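1. I'll drop the sequence and a predicted model, then ask my questions.
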Amino acid sequence: MRKAAPQPDILMGEAWFMGETRKMYTELSGNFETVSTEYLQEVLREIAGGASAFGLHEEWEAWLRYLLPRVVPRCHERFVDWLFESLCSAFLQVDLATNHMGRNAYDGGEVLSTLGHVIMAENRWKDGKIVVGNTLHPSNNNPAKWWGWANVSGDLAASLLVCLRLVEDKELQGWVDSIFSIGCPYWRAQLLTWHVGARPLLNERIQFPSQFDEWTANRNNKNPSIGWSDSHVVGRMQGDTIVAEAVFPQGRVSKFKSAFEAHLENADLSKWKEEILEVPELRSEVGRLIKNFEIN
């Protein structure tokens, strides 16, 4: 992927600016390894937000193609949110636009084997369980010592949507099987939380990440959040132009819902709940949802 995407000849500039001077992201043209996480998040946010608001400019498409394989090895970094989340938002919005415009900008298999595997990186797991703080919710460094387990972590939420968009139908069942092969109570708690928050998506009442926050707000914030950093700009519109009719191929969500819920039906949910509620922070933050969880 790196060989196919050398550094663009054109500079990348900010999407939103007023006045005569436009900020240009000149640091991207230097030593990439020294570019800060915060700077990369800002760049990716400009690509996602700019493509959503103003249409896909050549510079944003070219730089995202360059950045994708180079940011993937740094997706464990974060500045408040995981860098991975910003990369997923930029990728999804650009991929929606390029497909709508009749160009297949990315090889789905390549993206799945790189961006799609980030959440399973070796440093995030030990003995079949997450390394707390290295994946899913990253920290409880706040006055309330709250991790955020009542909502879905941004890295899991983004990873599920990227993979659901790109996985081939023939690989779908195997992918869902792999999701449920993990016995970690944190992971399982997040799967149940995601299923509750994602019901409008699974029932195809909403289709785009840009609708997630609005749905949660309309439900008086009773639904768990399934959004992630900058997911609110990933949608069907670029300015006044329809980008795509849906994020997913026809029938994909229905097949995924069936496979996902079949696993839940076959799981020993009583044992899942017991093991989840044995973890103090899960019990205190998401205990009510876990106790009351039902598939339908």
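-> Yep, it's here.
2. Where does pLDDT dip in the protein?
-> Applying pLDDT under 70 to the chain picks out residues 100-105, 215-221, 236-245.
3. how about the strands in it?
-> If you assign secondary structure with DSSP state E, the strands in the chain sit at 78-79, 81-82, 125-126, 129-130, 237-238, 241-242.
4. Stretch 121-128 spans what distance, first to last residue?
-> End-to-end distance of stretch 121-128: 12 Å, with Cα to Cα, to the nearest Å as the criterion.
5. Contacts for it next, please.
-> If you take Cβ atoms under 8 Å, 6 or more residues apart in numbering as the criterion, stretch 121-128 is touched by 75-76, 130-131, 134-135, 182-184. Quick note: C-beta positions are derived from backbone N, CA and C, even for glycine.
6. With neighbour count and distance to residue 157 as extra columns, can I get those in CSV?
-> As requested, the contacts of stretch 121-128 are arranged in CSV below (neighbours: other Cβ atoms under 10 Å; distance: Cβ to Cβ, whole Å):
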residue, neighbour count, distance to residue 157
75, 21, 14
76, 17, 17
130, 20, 15
131, 13, 19
134, 13, 17
135, 25, 13
182, 15, 16
183, 11, 21
184, 21, 17
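7. Now tabulate the residues you listed in TSV and tack on distance to residue 89.
-> Supplementary listing: the contacts of stretch 121-128 in TSV, determined by distance: Cβ to Cβ, whole Å:
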residue	distance to residue 89
75	13
76	17
130	23
131	24
134	21
135	18
182	25
183	30
184	26
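8. Determine which two of the residues you listed are furthest apart.
-> By the measure Cβ to Cβ, 75 and 183 form the most distant pair in those, at 24.1 Å.
9. Run a quick neighbour tally on residue 9.
-> With neighbours defined by other Cβ atoms under 10 Å, the count for residue 9 comes to 7.
10. And residue 19, by the same measure?
-> The criterion is other Cβ under 10 Å. On that basis, residue 19 has 5 neighbouring residues.
11. Would you confirm that residue 64 contacts residue 92?
-> No: judged on Cβ atoms under 8 Å, residue 64 makes no contact with residue 92 at a distance of 10.6 Å.
12. So for those two, which residue has more residues nearby?
-> Set side by side, residue 64 and residue 92 show unequal neighbour counts under other Cβ under 10 Å, the larger going to residue 64 at 28 against 25.
13. Tell me how far the more buried one lies from residue 151.
-> Spatial separation of residue 64 from residue 151 under the definition Cβ to Cβ, to the nearest Å is 27 Å.
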